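Q: Based on what follows, work out the 3D shape:
(one chain, ligands or ions: 2)
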Amino acid sequence: MSDCLFCQIVAKEIPAEIVYETGRTLAFRDRNPQAPTHVLVIPKQHHRDAAELAGADDGLADDVLKTAHAVAVQEGVAEDGYRVVFNTGPGAGQTVFHVHAHVLGGRGLTWPPG
Ligand code: 5GP
Ligand code: ZN
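A: Ligands and ions are numbered 1, 2, ... in the order given. Below is the predicted model of the structure:
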């Protein structure tokens, strides 16, 4: 989708600080980090949200989750604990409609998030 911000990051048409990449996924730092580690993990293929990704019956959701964990290990936050969040739909705060997992860590994370 040429008008999708994250598809443009996949296509390297706009810059991002990429920290991890696999054949089907990409991980890059959030431009407005909410924690010392705040990385976005996306499938390279466009899906609008987690609900649509869950319906992609090809293991892609599994790949995104595995990349999220690999990022946490690489960032050194896996042992202390980290959070993986999919804001799904405007009511949950989703603003970019190319599904992305937020990987947050490196500080204490309260629950519930509000
Ligand atoms: P959402 O609110 O959709 O769950 O999260 C979107 C996230 O994308 C936000 O945390 C926002 O800071 C981040 N973001 C928006 N535009 C860009 C961009 O152009 N580059 C990067 N690296 N992050 C972005
Ligand atoms: Zn997209």
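
Q: interface residues of the protein facing ligand 1?
A: 5, 16, 28-32, 40, 87, 93-96 (Cβ under 6 Å from any ligand atom). Quick note: C-beta positions are derived from backbone N, CA and C, even for glycine.

Q: In helices only, show me the residues you listed.
A: Those of those mapping onto helices are Leu5, per DSSP state H.

Q: will you turn the residues of the chain next to ligand 1 into CSV that also has pLDDT?
A: CSV is the format used below for those (pLDDT from 0 to 100):
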residue, pLDDT
Leu5, 98
Ala16, 98
Phe28, 99
Arg29, 98
Asp30, 98
Arg31, 98
Asn32, 98
Leu40, 99
Asn87, 98
Gly93, 96
Gln94, 98
Thr95, 98
Val96, 98
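
Q: can you tell me which two in the residues of the chain next to ligand 1 are farthest apart?
A: Taking Cβ to Cβ, the two most distant members of the residues of the chain next to ligand 1 are Ala16 and Gly93; they sit 20.4 Å apart.

Q: Output those of the residues of the chain next to ligand 1 also counted as contacts of ligand 2.
A: Counting by Cβ under 5 Å from the ion, nothing from the residues of the chain next to ligand 1 sits close to ligand 2.

Q: What subset of the residues of the chain next to ligand 1 is buried?
A: Ala16, Phe28, Asp30, Leu40, Asn87, Gln94 (16 or more other Cβ atoms under 10 Å).

Q: Which members of the residues you listed occur in strands, if any?
A: Phe28, Leu40 (DSSP state E).

Q: before we move on, the earlier item: from the residues of the chain next to ligand 1, pick the one nearest ligand 2.
A: Nearest to ligand 2 among the residues of the chain next to ligand 1: Leu5, at 7.3 Å, using Cβ to the ion.

Q: where exactly do the strands run in the protein?
A: Going by DSSP E, the chain shows strands at 18-21, 25-29, 37-43, 82-85, 101-105.

Q: Point out where the chain drops to low pLDDT.
A: Applying pLDDT under 70 to the chain picks out residues 114.

Q: report the longest helix in it, please.
A: Longest helix of the chain, by residue count under DSSP H: helix 60-75.

Q: So what angle separates the directions of that helix and strand 101-105?
A: Inter-element angle recorded for helix 60-75 and strand 101-105: 20 degrees (by axes from the mean of the first three to the mean of the last three Cα atoms, to 10 degrees).
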